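Visitor: Requesting a structural model of the entry that follows:
(2 chains)
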Amino acid sequence: MIRSLVGATALLLVLSACGRSDPSLNQTGPNPDLPGLSETLVPPMKIAQPVGWGDQVPTVPEGFTVTALATDFQIPRQMLVLPNGDILVAEGRGGGAPALRPKDVIAGVIKKQGNTQVESGNRITLLRDADGDGRAEVRSVFIDNLNAPYGLAFVDNTLYVANQDALVSFPYQTGQTRITAAPTEVTKLPSEVNHHWTKALTASADGQTLYVGIGSNSNVGERGMAIEEERAVVWAIDRTTGARRTVARGIRNPTALAIEPTTAALWSVVNERDEIGPQLVPDYLTSVREGAFYGWPYSYWGQNIDPRVRPQKPELVATAIAPDYALGSHVAALGLSFATQGGFGGDFSQGAFIGEHGSWNRQDLSGYKVVWVNFVNGQPTGEPIDFVTGFLTENGQARGRPVGVTFDPARRILLVADDLSNTVWRIAPRGAPAAAPAAGGPTATPPPA
Amino acid sequence: MRFGHTTGSGPNPLHGLLLSFPVALFPAALLTDIAYLRTEQIQWTNFSAWLIAGAMVFTGLVLAWAVVSLVIGLRGGDRLRRMVYAGLLAGLFVVGLINAFQHSRDGWSSVGTFGLLLSILSAILALAAGVIAHSSLFSREVAR
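Guide: Now for the predicted structure:
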């Protein structure tokens, strides 16, 4: 009996250990290798233990410098650069879906180990680095008392904020450092349960349409499909009337939206489903095609059936299209920003920066970096190239976790929000106006142990 | 059966109460599993997951009790029966634990053929443990 208990424990350990990936599979690009389904009894969760940056900074390519523009945020997510160069940082964490099964209780406790212990900010902070030295000399709470703000867009002197339950707007005057006006609601957004609470936002090239990404309410429909009405979709909202239509469906969790500058097409990074193996399903970067169905939850990467979903919908799966470009499984892409107006030049002229928050459910960690995907004629080409790394230590502990990325063409800088160390990093070409960090060095705040 | 003080027939009342939970909840989980496989309505597998989780808490308690009782009364007259009883509970605990993990998977994978088999097996083990604990034959043996 004791022996059988020991045996069972050993069995569980073995089962939980087989979440390692096969490095010979190519999991990026337009045609990723997709292994067979591999479900384990115990989901192979592996949380990178937070350790903070200490006196370290992220690693950037030769010819670039990195500084902590500002620290001590309350969970920075997405950012926006205003026309005068002021930087807005949306802070907060939403969600709070009630536990439906014993698993939700346990997984919640485990996932918490890998996140910051800081309280959600529910606000937007303004940063100003007018002298371009890489440190914000002005910092103010720009808008307070929001509800888990995430996506930001700016059109025609109006700031649009995607709260977790509504798209709201604020009038803006150049140079303002604080807005106290009450928000105007453009339209409500689906917010029941809010398993995936982040509402991504971007404006169309002509500024008339606002696109909002709305994530699914479950991993793969395990809360029932009734709660998935208008979830895993991208909405197009008329900026003036608030009228909306659904552009794409079955797009599990579109966490960041952006307009590709040469074609004006809408693109998104999307997080795919868990618990069918360390190399399923690749998260992806895709153009969001009008009327398209991307498979969730019935199928993945086109028409590969997910047998966990019942009843099945074969007629719907037959219409599913594959996304454009795989980023790798479980990398958790949360940030997307295209290089505009020539980008940084050289190897980083035309393409997209992508912030990968990093995995929590496979043994060998993936993501935890910012990558560059090169574009030619409005289409991604080649392998993703590491652009900002060093978020993990050699021992697999997490110094930080990148979220939103924002390229500012006017100042030729890339901003990276790090929601573990609660820092906004600024990456600039060496020799640009930015001075080297002189006094103090980087001051990333390690999360409480 | 001598789980602490014996009052004539049947197990110690507290032990009997604790045992009644796995005896009721494991077969109930089998029924909700069958309901899920027949209807494809997700709520049934949620029921199963909680029923199994609740059954496991009490299985752990009665298993601990049975093991302690076995160790204390190692030389008692009904040693074989108490070994069988503790063995059944240990088997139930292992099968139930695997089933709890199985039911933590999403959608159809939370039950499927393997989950149904585990639920059948744990229902049988729980009922068998209940029969042995309450069997008057064994109680007489204990009373001797």
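
Visitor: how close does the spatially most central residue of chain B sit to residue A:411?
Guide: For chain B, the residue nearest the mean C-alpha position is residue B:126 (3.4 Å; CA atoms, centre = their mean). Here residue B:126 is placed at a distance of 68 Å from residue A:411 (CB to CB, to the nearest Å). Just so you know, the C-beta spots here come from the backbone N, C-alpha and C atoms, and that holds for glycine as well.

Visitor: Likewise for residue B:102?
Guide: 54 Å.

Visitor: between these two, which one's more packed in?
Guide: Set residue B:102 next to residue A:411 and count neighbours by other CB atoms under 10 Å in any protein chain shown: residue B:102 wins out with 23 against 18.

Visitor: Get me the contact residues on the stretch 201-350 of chain A for chain B.
Guide: A:218-224, A:275, A:307-311 (CB under 8 Å from any CB of the partner chain).

Visitor: Any chance of a ChimeraX selection covering the buried ones in these?
Guide: Selection command for ChimeraX covering only the buried members of those, criterion 16 or more other CB atoms under 10 Å in any protein chain shown:
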select /A:218,219,220,221,222,223,275,308,309,310
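
Visitor: Quick one: the strands in the stretch 201-350 of chain A, in order.
Guide: A:209-214, A:233-238, A:244-249, A:253-259, A:266-271, A:282-287, A:299-300, A:304-305, A:325-329, A:333-338 (DSSP state E, counting those that start in this stretch).

Visitor: is it possible to export those to TSV including mean neighbour count, distance to residue B:135 and mean pLDDT?
Guide: Below are these laid out as TSV (neighbours: other CB atoms under 10 Å in any protein chain shown; distance: least, CB to CB, whole Å; pLDDT from 0 to 100):
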stretch	mean neighbour count	distance to residue B:135	mean pLDDT
strand A:209-214	26	59	98
strand A:233-238	20	60	98
strand A:244-249	18	59	98
strand A:253-259	26	55	98
strand A:266-271	27	55	98
strand A:282-287	24	57	98
strand A:299-300	26	53	98
strand A:304-305	16	49	97
strand A:325-329	26	54	97
strand A:333-338	25	60	98
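
Visitor: Could you export these to TSV, including columns for distance to residue A:157?
Guide: TSV is the format used below for these (distance: least, CB to CB, whole Å):
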stretch	distance to residue A:157
strand A:209-214	15
strand A:233-238	18
strand A:244-249	22
strand A:253-259	19
strand A:266-271	23
strand A:282-287	29
strand A:299-300	42
strand A:304-305	46
strand A:325-329	35
strand A:333-338	22
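
Visitor: Out of those strands, flag the one nearest residue B:97.
Guide: Closest to residue B:97 of the strands of the stretch 201-350 of chain A is strand A:325-329 (CB to CB; 28.4 Å).

Visitor: what comes into contact with that closest one?
Guide: Strand A:325-329 has contacts (CB atoms under 8 Å, 6 or more residues apart in numbering or on different chains) with A:21, A:27-30, A:32, A:269, A:272, A:277-286, A:301, A:333, A:354, A:356, A:359, A:362, A:366-367, A:371, A:373, A:380, A:384.

Visitor: who in chain B is up against chain A?
Guide: B:40-43, B:46, B:49-50, B:53, B:67, B:86-87, B:90-91, B:93-94, B:97-98, B:100-110.

Visitor: State the phi and psi torsions of residue A:117.
Guide: Backbone torsions for residue A:117, taken as degrees, to the nearest 10, come to phi -90, psi 0.

Visitor: where's it relative to residue A:420, distance?
Guide: Using CB to CB, which is the criterion applied here, residue A:117 is 10 Å from residue A:420.

Visitor: burial of residue B:17, as a residue count?
Guide: 12.

Visitor: whoops, residue A:116 was the one
Guide: 23.

Visitor: Tell me who's in contact with it.
Guide: A:50, A:75, A:419, A:420, A:421, A:422, A:447.

Visitor: Distance check, the second one against residue A:195.
Guide: For residue A:75, the distance to residue A:195 under the criterion CB to CB works out to 18 Å.

Visitor: Kindly report the same for residue A:156.
Guide: In terms of CB to CB, residue A:156 sits 34 Å off from residue A:195.

Visitor: Of those two, which one has the most company?
Guide: residue A:195 (22 against 9).
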